[in-house]
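J.: Provide a 3D model corresponding to the input given below.
(one chain, ligands or ions: 1)
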Amino acid sequence: MPSLASSLTPSGASTDPQALEREAFHAALMAKGDYYHIHHPYQVDMAEGRATPAQIRGWVANRFYYQVMIPQKDAALLANCPDASARRRWIQRLLDHDGFGDDPGGIEAWLALGEAVGLTREELWSQEHVLPGVRFAVDAYLNFVRRADWREAAISSLTELFAPRAHQSRLDTWPSHYPWIDASGYDYFRKRLTEARRDVEHGLTLALDVCTTAASQQRALEILQFKLDVLWSMLDAMTLAYQLDRPPYHTVTDRRAYHRGLS
Ligand SMILES: O=C(O)c1cc(C(=O)O)c2c(n1)C(=O)C(=O)c1cc(C(=O)O)[nH]c1-2
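T.: Numbering: from 1, shown residues only. Just a heads-up that it's a prediction; the model follows:
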């Protein structure tokens, strides 16, 4: 499969009769929502009130690894992006997560969510709960973005097309299912509702503008599937550990023997 860069026409205008029209390509991207992690049984159980406190805590602690890697991923994209106007827009994502001025940022909001579900900040920062499968999936995302053409990297963020639904569902269902969670923890999900919508507008326009050949459109759909696989695989690892009681090495030890990341 050729890379996106090699299948782009210089002007972005297509002369490829096999290419989908802009609306049809948009629809093909949206159809990938069928594979979004909101449909994973672990998320379904959380949304329908069947998750135990340990399962919620496991999810929050493991997702923290994704949260802290997102700004590094966006910094990698910026480092590979020669287009100043695109960088000006993209840099907002870093500020959203790391904070800027009076806004303490998304990582801080996720730490508050951690405390609201009964985890300590130290526990989250230590990454002691981060399962190897989650770490490998998130690292695969970061490593893809480090090496990819920046437009391909931007396309890999397009799972965010479907994220507002996930955040809204948590805001709608968690307070009644899990009254033990402190309501102050929900700010992250509220914050992302607007940020994600703004981000995907940019990412989606870019994808529709640059993918005007059949090859580049196919490549974009594969990149989006790769990212869906990242999210789904994270939940598979959590399912084994927290639902099926089979964390890594469970046959040989009760300890968390797995590595905490090699620096
Ligand atoms: O909770 C979720 O379901 C969810 C999913 C995703 C996603 O689809 O990758 C992101 C987020 N949340 C999120 O909060 C976030 O900041 C974010 C950034 C990105 C990205 O790929 O750049 N995805 C996501």
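J.: what parts of the stretch 51-200 of the chain come near the ligand?
T.: For the stretch 51-200 of the chain, the residues in contact with the ligand (CB under 6 Å from any ligand atom) are 70, 157, 159, 160, 163, 166, 192. Backbone N, C-alpha and C define where each C-beta goes, glycine included.
J.: where do the helices sit along this structure?
T.: With helices called from DSSP state H, the chain shows them at 4-7, 22-31, 41-47, 53-79, 84-98, 106-116, 121-126, 132-147, 150-156, 163-177, 187-210, 214-238.
J.: could you find the closest non-adjacent residue to residue 173?
T.: Leaving aside its sequence neighbours, residue 173 sits nearest to residue 47 (CB to CB, 6 or more residues apart in numbering; 5.3 Å).
J.: count of neighbours near the one you found?
T.: Using other CB atoms under 10 Å, residue 47 has 17 neighbouring residues.
J.: before we move on, the earlier item: lowest mean pLDDT across the helices of the chain, which one is that?
T.: Among the helices of the chain, helix 4-7 carries the lowest mean pLDDT, at a mean of 61.
J.: circling back to that earlier point, could the residues of the stretch 51-200 of the chain next to the ligand go into JSON lines alongside neighbour count?
T.: Output for these, formatted as JSON lines (neighbours: other CB atoms under 10 Å):
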{"residue": "70", "neighbour count": "21"}
{"residue": "157", "neighbour count": "28"}
{"residue": "159", "neighbour count": "24"}
{"residue": "160", "neighbour count": "19"}
{"residue": "163", "neighbour count": "23"}
{"residue": "166", "neighbour count": "20"}
{"residue": "192", "neighbour count": "21"}
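J.: show me which of these is closest to residue 27.
T.: Among those, residue 159 lies closest to residue 27 (CB to CB), at 16.5 Å.
J.: wait, what's in contact with the residue nearest to residue 173?
T.: By CB atoms under 8 Å, 6 or more residues apart in numbering, the contact list for residue 47 reads 38, 169, 170, 173.
J.: residue 59: neighbour count?
T.: By the criterion of other CB under 10 Å, residue 59 has 21 neighbours.
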